[in-house]
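J.: need a 3D model of the sequence below.
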Amino acid sequence: MIFFYGLSIFILIGSLIPAKKQGFYIFLVFIILFLTSAFRGVSVGTDTINYELTFNSLSNGIDWVRGELEPGWIFLNDVVIFFNGDFHDLLLLSSLLTLVPVFYSSIKYSYNPILSLVFYYLLYFYFYSFNITRQSIAISFILLAWCLLLKDSKI
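T.: Coordinates of the predicted model:
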């Protein structure tokens with residue numbers, strides 16, 4: 001728990017740095033948050049064990065699972081299985097898919113990117129991604145789409 005308190009203070013201190021000089025600090029925060037979420041244990045998060053059971057079922061050819069979950073999550077599992085990955089590779093990929101849109105939106109569209117990441121961390125959205133990974137990926141992409149729509153992007 002001390003690690004997460006220290007990380008809170010570390011990210012909060014970074015928000016005091018002028019926005020134009022936050023580049024390395026943002027990269028460091030991304031690496032810390034990514035490593036923490038990507039290499040967590042299966043017992044961390046309420047749904048992680050169920051995600052592992054789903055992954056193992058799909059990798060063993062049990063197809064009834066396909067009708068129970070979102071097609072995007074099944075596709076993500078199938079991609080990892082296709083490349084002979086294991087469940088930890090799926091956690092790594094899902095962590096990237098959750099964090100990259102949040103960091104991109106913060107860097108591109110925020111006046112103080114670290115302060116936006118402070119809110120992401122301290123308002124518990126980061127920790128929700130441990131519990132509801134599928135929904136967190138969707139929320140991250142909705143955030144990215146919302147930011148692009150506000151800037152009249154054609155993507």
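J.: C-alpha only now, for contacts and for neighbours.
T.: Fine.
J.: for stretch 123-139, which residues meet the burial criterion?
T.: Tyr126, Phe127, Ser129, Phe130, Asn131, Thr133, Arg134, Ser136, Ile137, Ile139 (16 or more other C-alpha atoms under 10 Å).
J.: who touches that stretch?
T.: Ser37, Val44, Gly45, Thr46, Asp47, Thr48, Trp73, Ser94, Leu97, Thr98, Tyr120, Tyr121 (C-alpha atoms under 8 Å, 6 or more residues apart in numbering).
J.: among the buried residues of stretch 123-139, which are in helices?
T.: If you go by DSSP state H, those have Tyr126, Phe127, Ser129, Phe130, Asn131, Thr133, Arg134, Ser136, Ile137, Ile139 in helices.
J.: ok so, going back, which of the buried residues of stretch 123-139 lies closest to Phe30?
T.: Tyr126 (11.5 Å; C-alpha to C-alpha).
J.: what subset of the contacts of stretch 123-139 is buried?
T.: For the contacts of stretch 123-139, buried by 16+ other C-alpha under 10 Å: Ser37, Gly45, Asp47, Thr48, Trp73, Ser94, Leu97, Thr98, Tyr120, Tyr121.
J.: all set, thanks.
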